[in-house]
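Novice: Build me a model:
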Amino acid sequence: MSRKANIKSLLTEDRSLIPERFINKLEDAVHGFLGITLFLLGLAASFFMIERLVTTRPFFPTGLIQAINDILFIVIILEIMRTVTKRFTDGFFQLDSFLIIGVIAAVRHILTVGASLTLETQKPWEYFKRAMMELGVNTGIVITLVFAIFLSRSLQRKRLDD
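Specialist: I've put the predicted structure just below:
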């Protein structure tokens with residue numbers, strides 16, 4: 001086989017110059033590192049949440065609302081970690097996991113905006129209108145993502161039944 005034909009076969013075939021096993025091992029190593037990093041971030045955020053919970057005055061309602069916000073943030077970190085680690089067992093990322101993370105993030109924002117409206121007095125009318133728009137948009141996001149989860153799971157059940 002001539003050199004020109006050899007180069008042409010490299011360009012036209014679906015072969016890579018880098019071995020596929022090497023790429024897979026490298027990808028697994030990066031995902032493992034990211035999983036461990038996300039776990040450590042979740043752990044650090046938990047300690048920070050406890051420290052803030054103990055030191056925030058007044059505890060009710062400010063400290064309590066901050067704690068709920070922090071807990072939902074930690075849940076988001078752990079869900080992302082779970083999604084990354086599931087990639088090892090399933091071989092691909094799960095759509096449902098990302099949708100659930102989106103729902104948690106939107107609910108967290110709804111709770112934060114609602115709490116700020118409740119706690120703060122004498123807010124200008126523009127602030128109130130903006131907060132209501134944020135609540136409406138986030139509610140729409142939650143409904144849309146929950147519907148997407150429903151569709152995804154219905155499709156998965158249908159595939160299992162077939």
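
Novice: Just the pLDDT at Ala44, thanks.
Specialist: For Ala44, the pLDDT comes out at 97.

Novice: scratch that, Arg153 is what I was asking about
Specialist: So Arg153 comes in at 92 (pLDDT).

Novice: Apart from its chain neighbours, what residue comes closest to it?
Specialist: Spatial nearest neighbour of Arg153, chain neighbours left out: Asp96 (6.9 Å); criterion: Cβ to Cβ, 6 or more residues apart in numbering. All C-beta spots, glycine's among them, are computed from the backbone N, C-alpha and C.

Novice: close enough to count as contact, the one you found and Val146?
Specialist: No: the pair Asp96 / Val146 is not scored as a contact, 11.3 Å apart, by Cβ atoms under 8 Å.

Novice: Residue ranges of each domain in this structure, please.
Specialist: 17-91, 94-162 (automatic domain parsing).

Novice: With mean neighbour count as extra columns, can I get the ones you listed in TSV?
Specialist: Formatted as TSV, the domains of the chain follow (neighbours: other Cβ atoms under 10 Å):
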stretch	mean neighbour count
domain 17-91	14
domain 94-162	14
